[in-house]
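**Q** coords below, sequence missing:
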């Protein structure tokens, strides 16, 4: 699959894709998707461009904010050991229970200030950027460091493209796509003796190829590997901790890493946040007449709904098939609503999609006020 196709299939909630590719066969061994945290430098660069700098032969003024390099890191690990399932055994850098260690790992993703802009905006990380260079790491293990050396610097972005609105993933946006590869030979130097794998927890998008400390280190966006779905972010749940372990990148011998980064730019509707009152609608089941439901839509909320009221007719019964309905607010597209009355407690869920969106399986929770 091409870089552009991969980027387009990431979905609105994800903009980073990490693919492990077998160097010999070219097949994709594993893949992870997530969403980065932009730093102050990313927004500053866009601001300078909109202010007119870098134009009329003054391109060098924008150079500090143009994404040109990508690198890998291992912050958040206390070792490179694996368990019986070949998953990382060393997630979390604080002492405590597994839940406490994993929660700390989740809380210390790269932040808005991780470019050196503000230490208070780095999510309590020990280092700015992705940590010290591999050769300057504090421990002998390949942990808490950026996987670069003075001889192996950040990997250049080898693909970049602007996807126009009519081809973009989401209407009224454009996608700017970047991609880079890290070779098997380059990764071999970071594997610990006796280990035929390397665990990777972070990636960074940079304007500078050389490692620098202090403010303005060149980090435009950073990403720490966590479970792709927000529903799995609660580390008090054992299953979610296992999902996190499964998602940490494990790179074996003769495997390379491809990173695809998509920056999505879009406008905000002039009246998108102006709502003098709720949108109102009501509908009935196909099986007539069982119930009538009223629903008040608050588009400014996330998720974009608030209350539901049910009105049961005296002679009504639970429906034997599901109804279908449409939201008439154009910014929230089409939805289908399902009821399963044969369960002990009737179960509902909503399936929705946007007119130009590719993903028809985003499920919203359903609140009923019976």
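**A** Great, that's in hand. Worth saying up front: this structure is predicted, and the values here are computed from it rather than measured.

**Q** look up how far residue 44 lies from the closest residue to residue 199 other than its chain neighbours.
**A** Excluding the flanking residues, the one nearest residue 199 by CB to CB, 6 or more residues apart in numbering is residue 88, at 4.8 Å. C-betas here are computed from N, CA, C, even on glycine. Distance from residue 88 to residue 44, counting by CB to CB, to the nearest Å: 35 Å.

**Q** which of the two has more residues huddled nearby?
**A** Using other CB atoms under 10 Å as the criterion, residue 88 and residue 44 rank with residue 88 on top: 27 against 16.

**Q** can you read off the pLDDT for that one?
**A** Confidence at residue 88, expressed as pLDDT, is 97.

**Q** around the closest residue to residue 45 other than its chain neighbours, how many other residues sit close by?
**A** With sequence-adjacent residues excluded and distances taken as CB to CB, 6+ apart, residue 45 is closest to residue 65, at 2.3 Å. For residue 65, the tally of surrounding residues (other CB under 10 Å) stands at 20.

**Q** just residue 108 next, same as before
**A** When neighbours are defined as other CB under 10 Å, residue 108 has 19 of them.

**Q** gap between it and residue 80?
**A** Distance, residue 108 to residue 80, by CB to CB: 18 Å.

**Q** can you check residue 24 too?
**A** Distance of residue 24 to residue 80, given as CB to CB: 24 Å.

**Q** looking at those two, which is more packed in?
**A** Using other CB under 10 Å, the more surrounded residue of residue 24 and residue 80 is residue 80, with 19 against 9.

**Q** who's in contact with that one?
**A** Contact partners of residue 80, counting by CB atoms under 8 Å, 6 or more residues apart in numbering, are 74, 88, 90, 141-143, 192, 195, 198-199.

**Q** got the phi/psi numbers for residue 204?
**A** When read as degrees, to the nearest 10, the backbone of residue 204 gives phi -140, psi 150.

**Q** hang on, isn't it packed against residue 128?
**A** No - if you go by CB atoms under 8 Å, residue 204 and residue 128 don't touch, sitting 10.7 Å apart.

**Q** who has more neighbours out of these two?
**A** Taking other CB under 10 Å, residue 204 and residue 128 do not tie; residue 204 has more neighbours (29 against 25).

**Q** state the pLDDT value of that one.
**A** pLDDT at residue 204 comes out at 96.

**Q** shaky segments in the stretch 251-370 of the chain?
**A** 267-370 (pLDDT under 70).

**Q** the closest residue to residue 48 other than its chain neighbours: neighbour count?
**A** Spatial nearest neighbour of residue 48, chain neighbours left out: residue 62 (6.1 Å); criterion: CB to CB, 6+ apart. Counted with other CB under 10 Å, the neighbours of residue 62 add up to 16.

**Q** buried subset of the contacts of residue 80, written for ChimeraX?
**A** Selection of buried members from the contacts of residue 80 for ChimeraX, criterion 16 or more other CB atoms under 10 Å:
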select :74,88,90,141,142,143,198,199
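
**Q** residue 118: which of the contacts of residue 80 is nearest?
**A** residue 74 (23.9 Å; CB to CB).

**Q** show me the contacts for that closest one.
**A** Residues near residue 74 by CB under 8 Å, 6+ apart: 80, 131, 142-145, 147, 199-202.

**Q** turn those residues into CSV, including distance to residue 54 and secondary structure.
**A** Shown next, in CSV, are the contacts of residue 74 (distance: CB to CB, whole Å; DSSP: H, G, I helix; E, B strand; the rest coil):
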residue, distance to residue 54, secondary structure
80, 42, coil
131, 31, coil
142, 38, coil
143, 39, coil
144, 36, coil
145, 33, coil
147, 31, coil
199, 39, strand
200, 33, strand
201, 34, coil
202, 29, strand
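
**Q** what ranges do the helices span in the chain?
**A** All helices of the chain, identified by DSSP state H, fall at 3-8, 40-50, 98-107, 184-188, 238-247.

**Q** mean pLDDT lowest for which of these?
**A** Ranked by mean pLDDT, the helices of the chain bottom out at helix 3-8, with a mean of 63.

**Q** got any residues that touch both of residue 204 and residue 128?
**A** Applying CB under 8 Å, 6+ apart, one finds that residue 204 and residue 128 are jointly contacted by residue 219.

**Q** how about low-confidence regions in the stretch 1-150 of the chain?
**A** Those would be 1-13, 56-59, if you go by pLDDT under 70 across the stretch 1-150 of the chain.

**Q** please redo it, this time with the cut-off set to 50
**A** In the predicted model, the stretch 1-150 of the chain carries no residue with pLDDT under 50.

**Q** the strand ranked longest in the chain packs against which elements?
**A** When the chain is parsed with DSSP state E, its longest strand is strand 255-266. Contacts defined by 3 or more CB pairs under 8 Å, 6 or more residues apart in numbering; DSSP states H and E place strand 255-266 against helix 3-8, strand 16-22, strand 69-73, strand 173-182, helix 184-188.

**Q** ok, 6 Å please
**A** The contact analysis (3 or more CB pairs under 6 Å, 6 or more residues apart in numbering; DSSP states H and E) places strand 255-266 against helix 3-8, strand 16-22, strand 173-182.
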